[in-house]
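K.L.:
one predicted model, sequence on top.
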Amino acid sequence: MAVLRHLVAAAAVTSALVTPVARPRPRTRRRVIEEPRVDDEPRVEYDNEDGLVCVIDENGFKSCAPAGPGLEWYEDELVSNEKKLEAVEAKLETLKAEKKLLVAKQKELTSVYDELRFEVRNAGLNGPILAFVLCAALVALLWKDLFIVISLYENDAYMEADWLPESLQLFGRLPMDFLRDYTAAAVAMPVLTKAATSCVSYLGGDLTAQAVEGRRRVGLLDLPRAARNGLLGFFLHGPLLHFWILFLEGPFAKLLMGSGLTEGPLLLVAKVALDQTLFAVTINLAYAFIDGILSDQSPSDAWRRSRQVLVPSVVQSWRFWPLVHLISYSPLIPVDLKVLWIDVMEIVWVAILSATVNSAGGDDDDGEGPRVPWGEGRWAEPLVDEGGAVSR
């Protein structure tokens, strides 16, 4: 009996450990919505008060989980996130554009700083360099006349006439002697002579432009810029203009005469029209592109710049060059002297434009100053400082 009592007690303890104690759940008001069941689908109960979703499967097991937001809430969140993403992307594009502007401004400021540092460092050399170049040019042009003057002075004691009047009379014939010698050189070496003519014209035109624009002191002159223009005149403008004139006076004139256009004024107008369209576009594009390359610009930037200034350059040149070329391509100017005449007019045109830009103040909408075309492939491109005045 004692053993039996012990076994019953052990069974009771084991049953108490295995079977959980049933605790009464607190009674709360709940509104349960039951969905109709289809076939063997589980029954779903939505407890709106506690925010639970309960599922009773086919075996009678019930599982509950917190109910999430509805479909409309997700749609609103998606729309809100899309709007935020669009705002972020727009801000990103704005920041990229600002970055490009800052990088371009940094390059511009760096270039200006380098130029100013170079000019300040080499300002003392401008005077000796210009003096040497001027003396060399005078000796090259007047060495015969200088030799004759020196001979007259040394032999004055053996001459009946005084050396000074004879020397002044000799210098009075210099213009005609120069034209005669230039014509002979143009016939003997046409390309080299025309190239040297344009080199001197471009060099003198750029120095004239700098002086008119405000760089009246020798130390402030930008000699590398002037040298760059001189090289462009020698290798680009002079040879190209020489062959262009030969084309207009040769094959083009014969073509028009063969088509029945034999009257002088009409033929002259046709030459000027072709010059101010085809040749003006070609020379301006070539000059702008090569000048950009020589100014340490990339080929893409130089080409973009040349296209940007093309239309303003050609349109601005029509204010001056058509009238000049009515004389240039007329019989008044010999073929061998046409390049010389055009290059002299280049310097006049540059001086007029530079004076106009300097007096106008250079207030442009873009804040970069006016780009004033020089005509035959050149333009003045002054910068505008903080006070609005034009400077280089």
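P.N.:
Received it, and whenever you're ready, just let me know what you need. Numbers count the residues shown, from 1 in each chain.
K.L.:
now residue 341: closest residue in space, sequence neighbours ignored.
P.N.:
Leaving out its chain neighbours, the residue that sits closest to residue 341 by C-beta to C-beta, 6 or more residues apart in numbering is residue 333, at 5.1 Å. All C-beta atoms are positioned from the backbone trio N, CA, C, and that covers glycine.
K.L.:
whoops, I mixed them up, residue 245
P.N.:
residue 338 (5.2 Å).
K.L.:
ok, the one you found - contacts?
P.N.:
Applying C-beta atoms under 8 Å, 6 or more residues apart in numbering to residue 338 gives the contacts 245, 328, 329.
K.L.:
who's in contact with the helix or strand where the first one lies?
P.N.:
If you go by DSSP states H and E, residue 245 is part of helix 238-247. With contact meaning C-beta under 8 Å, 6+ apart, helix 238-247 is reached by 190-191, 194-199, 275, 279, 282-283, 286, 329, 335, 338-339, 342, 376.
K.L.:
got the contacts of residue 338 as a markdown table, with distance to residue 152 and pLDDT columns?
P.N.:
A markdown table is the format used below for the contacts of residue 338 (distance: C-beta to C-beta, whole Å; pLDDT from 0 to 100):
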| residue | distance to residue 152 | pLDDT |
| --- | --- | --- |
| 245 | 40 | 96 |
| 328 | 39 | 95 |
| 329 | 42 | 94 |
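K.L.:
name the nearest of those residues relative to residue 353.
P.N.:
Nearest to residue 353 among the contacts of residue 338, counting by C-beta to C-beta, is residue 328 at 18.6 Å.
K.L.:
wait, doesn't the closest one sit right on residue 342?
P.N.:
Yes - between residue 328 and residue 342 a contact is recorded at 5.6 Å, counting by C-beta atoms under 8 Å.
K.L.:
buried subset of the contacts of helix 238-247?
P.N.:
190, 194-199, 275, 279, 283, 286, 329, 335, 338-339, 342, 376 (16 or more other C-beta atoms under 10 Å).
K.L.:
pretty sure residue 234 contacts residue 195?
P.N.:
Yes - in terms of C-beta under 8 Å, residue 234 counts as a neighbour of residue 195; the distance is 4.8 Å.
K.L.:
quick one: common contacting residues for those two?
P.N.:
By C-beta under 8 Å, 6+ apart, no residue touches both residue 234 and residue 195.
K.L.:
thinking residue 230 is in contact with residue 207, fair?
P.N.:
No - counting by C-beta under 8 Å, residue 230 sits too far from residue 207 to count as a contact (9.7 Å).
K.L.:
now the strands for this structure?
P.N.:
32-34, 43-47, 52-56, 62-66, 372-373, 379-380, 383-384, 390-391 (DSSP state E).
K.L.:
quick check: mean pLDDT of the fourth one?
P.N.:
In this model, strand 62-66 has a mean pLDDT of 66.
K.L.:
also the third one?
P.N.:
Regarding strand 52-56, the rounded mean pLDDT is 66.
K.L.:
so where do the helices sit in the stretch 201-350 of the chain?
P.N.:
223-232, 238-247, 253-258, 264-274, 280-294, 299-317, 321-328, 338-360 (DSSP state H, counting those that start in this stretch).
K.L.:
which of these sits closest to residue 100?
P.N.:
When the helices of the stretch 201-350 of the chain are compared (using C-beta to C-beta), the closest one is helix 299-317, at 13.2 Å.
K.L.:
for residue 208, see how far away residue 194 is.
P.N.:
21 Å (C-beta to C-beta, to the nearest Å).
K.L.:
list the contacts of residue 198.
P.N.:
233, 234, 237, 238, 241, 339, 343.
K.L.:
what number of residues lie near residue 163?
P.N.:
17 (other C-beta atoms under 10 Å).
K.L.:
I figured it was touching residue 152, is that so?
P.N.:
Yes - the pair residue 163 / residue 152 is scored as a contact, 4.1 Å apart, by C-beta under 8 Å.
K.L.:
pLDDT below threshold where in this structure?
P.N.:
Scanning the chain for pLDDT under 70 picks out the ranges 1-55, 57-61, 63-73, 115, 118-120, 122, 157, 160, 260-263, 354-392.
K.L.:
pull out the buried residues from stretch 179-192.
P.N.:
Neighbour-count burial for stretch 179-192 [16+ other C-beta under 10 Å]: 182, 185, 186, 190.
K.L.:
with distance to residue 96 added, can I get those residues in a markdown table?
P.N.:
Putting the buried residues of stretch 179-192 into a markdown table (distance: C-beta to C-beta, whole Å) gives the following:
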| residue | distance to residue 96 |
| --- | --- |
| 182 | 58 |
| 185 | 58 |
| 186 | 57 |
| 190 | 54 |
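K.L.:
can you check which helix is longest in the protein?
P.N.:
Taking DSSP state H as the assignment, the helix of the chain that covers the most residues is helix 71-154.
K.L.:
relative to helix 299-317, how tilted is that one?
P.N.:
Comparing the axes of helix 71-154 and helix 299-317 via axes from the mean of the first three to the mean of the last three C-alpha atoms, to 10 degrees yields an angle of 70 degrees.
K.L.:
now the helices of the stretch 201-350 of the chain in JSON lines, with distance to residue 103?
P.N.:
Output for those, formatted as JSON lines (distance: least, C-beta to C-beta, whole Å):
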{"stretch": "helix 223-232", "distance to residue 103": "25"}
{"stretch": "helix 238-247", "distance to residue 103": "36"}
{"stretch": "helix 253-258", "distance to residue 103": "51"}
{"stretch": "helix 264-274", "distance to residue 103": "42"}
{"stretch": "helix 280-294", "distance to residue 103": "18"}
{"stretch": "helix 299-317", "distance to residue 103": "13"}
{"stretch": "helix 321-328", "distance to residue 103": "38"}
{"stretch": "helix 338-360", "distance to residue 103": "29"}
